[in-house]
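Sequence first, predicted model second:
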Amino acid sequence: MTIISISNLKGGVGKSFTAAQMGYTLSQEEKKNVLLLENDKQGNLSKLFGRYNRNGLCPTAQLLMGRGTAEEVSEETEYPGLDIIGANMSLLTAGIELQQDATENQCTRFESLKTARNRAGNQYDYVIIDNPPDIGLNVINALAVTDDVIVPIKIDQWALEGMDLITGQIEQIKAINQDISFAGALVTMYKNNSTNTAGVEWLKRHDIKMFNTFIRYSDKAAESTLFQKPIQEYSPRSGTARSYRQFVQEYITRAGVK
């Protein structure tokens, strides 16, 4: 099993979208068993797969509060081989309660992800965690069990300046998870213009590890979220869909030679 965290301290860069496309491609096209964990209280990933419930204690909050294992709180999606642990605003309350509880280990709440199995009893090949743009205890718990961190990045000055913070946090988390690795920055919403070209050159000059694939911008991406479908299903020929398929292949190839 490989546990992947999709993370960036900046919002609006395509974290949830990237988690969804990776989960869809790995499960539907690569025929892998995949579990999505939504670690963001906004619930966008749950909404995309029709598993959002605004009421009650959400599955991720239950996991964070020790009220069940990953197997017990996960749900099937309509896509074979793809399951999800959803979230809502109750995740915020769970994080506050966990912060106040200093009597127990606060960084081991997602340990059951490492051995989680689907309804058929098969261990997941991939767990993909969609993290919020912060570094709360829910994110620390996610990074504590993560193998690879992928950082979606939209080219602008604020995003570029935040890369050193992200890589620094990954180094700090190695105190509790020696196996964590920065897989690379994934440029999203890419347009073939001078701004994006300059941003990519900035990343290269600062020796930021990057994926060779850039996720191309397309209006179809926003449309797909409105219709609650992965872009590969909604508009498989769009530049965004083709980019994500190429990116997943690049990630698989890199992971195979680590």
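On my side now, so go ahead. Residues are numbered from 1 along each chain as shown.

Helix, strand or coil: sort out Gln172 for me.
Secondary structure for Gln172, judged by DSSP: H, G, I helix; E, B strand; the rest coil, is helix.

And it, how close does it get to Asp40?
21 Å (C-beta to C-beta, to the nearest Å). Every residue, glycine included, has its C-beta placed from N, CA and C.

Between those two, point out the one with more neighbours.
Each of Gln172 and Asp40 has its neighbours counted (other C-beta atoms under 10 Å); Asp40 has more, 26 against 12.

Surely the more buried one is within a strand?
No: according to three-state DSSP, Asp40 belongs to no strand; its state is coil.

and the closest residue to it other than its chain neighbours, how many neighbours?
Spatial nearest neighbour of Asp40, excluding adjacent residues (C-beta to C-beta, 6 or more residues apart in numbering): Pro132 at 4.0 Å. By other C-beta under 10 Å, 24 other residues sit near Pro132.

which residues does Pro132 contact?
By C-beta atoms under 8 Å, 6 or more residues apart in numbering, Pro132 lies in contact with Asn39, Asp40, Lys41, Gln42, Asn138, Val139.

On the pLDDT front, check it for me.
At Pro132, the model reports a pLDDT of 93.

try Ala116
Value for Ala116, per-residue pLDDT: 95.

Can you tell me the closest non-neighbouring residue to it?
Leaving out its chain neighbours, Ala116 is closest to Ala70 (C-beta to C-beta, 6+ apart), at 3.9 Å.

Would you list the phi and psi of the one you found?
Phi and psi for Ala70, reported as degrees, to the nearest 10, are phi -60, psi -40.

show me the contacts for it.
Leu35, Leu37, Leu63, Ile85, Phe110, Ser112, Leu113, Ala116 are the contacts of Ala70 under C-beta under 8 Å, 6+ apart.

Next, the distance between the ends of stretch 127-145.
By C-alpha to C-alpha, to the nearest Å, the extent of stretch 127-145 from end to end equals 10 Å.

Measure how far it is from the centre of its chain, please.
9 Å (C-alpha atoms, centre = their mean, to the nearest Å).

Pull out the buried positions in the one helix or strand Thr253 maps to.
Element membership of Thr253, judged by DSSP states H and E, is helix 239-256. For helix 239-256, a neighbour-count test (16 or more other C-beta atoms under 10 Å) marks Gly239, Thr240, Ala241, Arg242, Ser243, Tyr244, Arg245, Gln246, Phe247, Val248, Tyr251 as buried.

those helices in the chain, which residues are they?
Taking DSSP state H, the helices of the chain run over residues 15-24, 44-48, 59-64, 70-73, 90-100, 137-143, 157-161, 163-173, 194-205, 219-226, 231-234, 239-256.

which stretch among those comes nearest Ile128?
helix 15-24 (5.1 Å; C-beta to C-beta).

and the angle for that closest one with helix 219-226?
Angle of helix 15-24 versus helix 219-226, following axes from the mean of the first three to the mean of the last three C-alpha atoms, to 10 degrees, is 80 degrees.

Give the rounded mean pLDDT of stretch 218-228.
pLDDT averaged over stretch 218-228 gives 92.

Now tell me what touches it from outside.
Contacts of stretch 218-228 (C-beta under 8 Å, 6+ apart): 17, 44, 47-50, 230-231, 233-235, 238-241.

for the stretch 51-200 of the chain, which spans come out with low pLDDT?
102-104, 157-161 (pLDDT under 70).

Let's see that with 90 instead.
Applying pLDDT under 90 to the stretch 51-200 of the chain flags residues 66, 93, 95-107, 134-136, 154-169, 192, 194-200.
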